[in-house]
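**Q** I would like the atomic coordinates for the input below:
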Amino acid sequence: MLNPWAWLLALGIAVLAVAAGIAASAGLIWLGELPETSTDDRMTLTVGALAAATGTTLVATMGVPGESAEMIGSGGVMPLTITLLVLGVIGLLFHRQTRHFTKLSGAIVQALRVAALYAVLALILVAVFRGEESDLARAMDFDDAEDLSWGASLPGTFFSALLVVFCLLALIAFSQGGRLTGQLKSLHSYLAAPLWGLASVLALLPIAGLIGWICFWFTADGIQDDQNGLSSRQTVSLWLSTLGNAGLYFLHAGAGGRLGASWDARDLDGTRDSQFERLTYATDHANAWGLWFAIPTLLIVLAVAAFVVVYKSSVSPLVTLGIWVLGLFALIPALSRLASLRGSLEADGTPHEFEMSGFAGLKGVDTLLIPLIALGVALLIALVTGALRPANLTQFKNRYAQAYNPAPAYPNQGYPTQSYPAQGHPAPGSGWSQPTQQLPYGQTAPQFGPPPTQSYPSPNGGEDLPRT
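**A** So this is what the prediction gives:
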């Protein structure tokens, strides 16, 4: 842990990853020409986007004028485009640096160094760039607020960055199976291919988002005429900044999932409601028939990821495809929650205390539709690639039978079924004899029947006397 050279290399990876995130966020924000925002506001939003890339929310606190009260608001959404860029850079650099490590423990320790340094750098930036009274605050009618402060959550920035980056790098270290031995190597043979499949789904999200934006932009009624008041630069910035999230929404819609919003303001005005609609709502109300391409896009993305799993499999592809589908049951709901907009606002100490919350994005229960469809796609790819054949099913059945009905340790246990001769002396002249057995050293098996008659010479030279 105290190796200076290792710490220096880890610092280089963390700095490059932070720089990539800052450059991408700042470029999109300045390209979008956000109205009524100062340079300080844009820098705060840039650093906030970097923190949100690992799941951190923005937090704003302010005092109520003339009252000893405080209002606290929080909200955020994970910008998947920035997330994939930052984690892609940090993962690629870490892979190149640790590919020659001979021990898994050394790679895990280096992953912890990189994650810790990245979390510290992100925390420093978030602590330095905090929003206060500014053009953005005045545009949102917060110019009379007292002690206004807004930005990414400090503890959330550190711990979410540390957890997300370390888990990613630990998986990368594990995926490099050359350094594994024993049970870890056996485990790697089952998990490496599914991990490649999950990574393929994530990498294809921006492409799916671009397809979704094109389908919506060129088929929806009137969307190109007014552009909703956005300039060309703002439109390009919107597209690029939301490619990852739009890709996830597009695939979700192709699976039959619902998108919408829900809110709870019972403490404020007594309302609590939600509205979630499927793909048909957008195609009917905006005539955006191009959004139906979400269905083939979803199937193509899942098919490509399944092919990657089969190609990378070192054991039975049926097993690795099953593990990949199980991984999607965990990844898609979690990612959908992070990629949806969520927020809350509460007032404490005022004569009218209240608390309200809102959510906009993907319907939680419908996020299981993509993994369910992936199960059918996995079976189809298994048939196409020959991984699923009648012989495979028979082999699987035999293994299952052996696992739950093991064969006895010694064959032919129990009482013998062959017959044995009756006990006692055999009848004279019956001629029955025990089957011949091969005995060592040329010994002769004993015979059953009348005892043999031997002759001995008479002492007086007479006839031989029989003796038994």
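**Q** tell me the domain ranges of the protein?
**A** 1-179, 187-397 (automatic domain parsing).
**Q** Start and end of stretch 97-106, how far apart?
**A** Using C-alpha to C-alpha, to the nearest Å, the end-to-end distance of stretch 97-106 comes out at 12 Å.
**Q** same deal with stretch 72-85?
**A** Terminal-residue distance, stretch 72-85 (C-alpha to C-alpha): 31 Å.
**Q** I'd like to know how many residues surround L93.
**A** Neighbour count of L93, defined by other C-beta atoms under 10 Å: 20. No exception for glycine: its C-beta is placed from N, CA and C like everyone else's.
**Q** Can you tell me the element it falls in?
**A** helix 80-98 (DSSP states H and E).
**Q** So for that helix, what gets flagged as buried?
**A** Of the residues in helix 80-98, 80-91, 93-94, 97-98 count as buried by neighbour count, 16 or more other C-beta atoms under 10 Å.
**Q** want to throw the domains of the chain into CSV with mean pLDDT?
**A** As requested, these are exported to CSV (pLDDT from 0 to 100):
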stretch, mean pLDDT
domain 1-179, 87
domain 187-397, 88
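**Q** residue contacts, the residue nearest the centre of the chain?
**A** In the chain, the residue lying closest to the centroid (C-alpha atoms, centre = their mean) is L331, at 4.1 Å. Contact analysis of L331 by C-beta atoms under 8 Å, 6 or more residues apart in numbering lists 198, 201.
**Q** How about V201: what's its closest non-neighbour residue?
**A** Among residues not flanking V201 along the chain, A305 sits closest, at 4.9 Å (C-beta to C-beta, 6 or more residues apart in numbering).
**Q** Same check on H252?
**A** L362 (5.3 Å).
**Q** Any chance of the backbone angles for the one you found?
**A** Backbone torsions for L362, taken as degrees, to the nearest 10, come to phi -90, psi 140.
**Q** How much space separates it from L335?
**A** Taking C-beta to C-beta, to the nearest Å as the measure, L362 falls 9 Å from L335.
**Q** what do you get for A52?
**A** Distance from A52 to L335, by C-beta to C-beta: 14 Å.
**Q** thinking again about what came up before, was I right about the residue nearest to V201 contacting L195?
**A** No: if you go by C-beta atoms under 8 Å, A305 and L195 don't touch, sitting 11.2 Å apart.
**Q** more crowded one of those two?
**A** Counted by other C-beta under 10 Å, A305 and L195 do not tie: A305 has more neighbours, with 26 against 20.
**Q** helix, strand or coil for the more buried one?
**A** Under DSSP: H, G, I helix; E, B strand; the rest coil, A305 falls in the helix class.
**Q** Bridged to the residue nearest to H252, which residues?
**A** According to DSSP bridges, the partner residues bridging L362 are L259.
**Q** tally of neighbours for it?
**A** The burial count for L362: 25, using other C-beta under 10 Å.
**Q** ok, it to I332 distance?
**A** Plainly put, L362 is 9 Å away from I332 if you go by C-beta to C-beta.
**Q** Next: L87.
**A** Separation of L87 from I332 (C-beta to C-beta) stands at 17 Å.
**Q** Where does the nearest residue to L191 once chain neighbours are set aside fall, secondary structure wise?
**A** By the measure of C-beta to C-beta, 6+ apart, the closest residue to L191 outside its immediate chain neighbours is I323, 6.7 Å from it. I323 belongs to helix 317-338 when elements are defined using DSSP H and E.
**Q** Could you do Y281 as well?
**A** Secondary structure (DSSP H and E) places Y281 in helix 279-285.
**Q** got the buried residues for that helix?
**A** Those buried within helix 279-285 under the rule 16+ other C-beta under 10 Å are 279, 282-283.
**Q** go on, stretch 31-51?
**A** By 16+ other C-beta under 10 Å, the buried positions in stretch 31-51 come out as 32, 34, 37, 41-51.
**Q** quick one: which of those is nearest to G177?
**A** Minimum distance to G177 across the buried residues of stretch 31-51 is 32.4 Å, recorded for L50 (C-beta to C-beta).
**Q** need the contact list for the closest one.
**A** Neighbour list for L50: 18, 21-22, 25, 82, 86, 122, 125 [criterion: C-beta under 8 Å, 6+ apart].
**Q** Spatially nearest residue to it (excluding sequence neighbours)?
**A** That would be G21: by C-beta to C-beta, 6+ apart, it lies 4.3 Å from L50.
**Q** One more: L230?
**A** Per C-beta to C-beta, 6+ apart, closest to L230 is L238, 6.8 Å.
**Q** Count the neighbours of that neighbour for me.
**A** Residues near L238, counting by other C-beta under 10 Å: 18.
**Q** And the next helix or strand past the helix or strand hosting it?
**A** L238 is part of helix 232-241 when elements are defined by DSSP H and E. Tracing the chain C-terminally past helix 232-241 and defining elements by DSSP H and E, one meets helix 243-254 next.
**Q** number of nearby residues for E70?
**A** Residues near E70, counting by other C-beta under 10 Å: 16.
**Q** pretty sure it contacts D348?
**A** Yes: here E70 reaches D348: they are 5.6 Å apart, a contact under C-beta under 8 Å.
**Q** overlap in contacts of the two?
**A** Joint contacts of E70 and D348 (C-beta under 8 Å, 6+ apart) do not exist.
**Q** Fine by me, we can end here.
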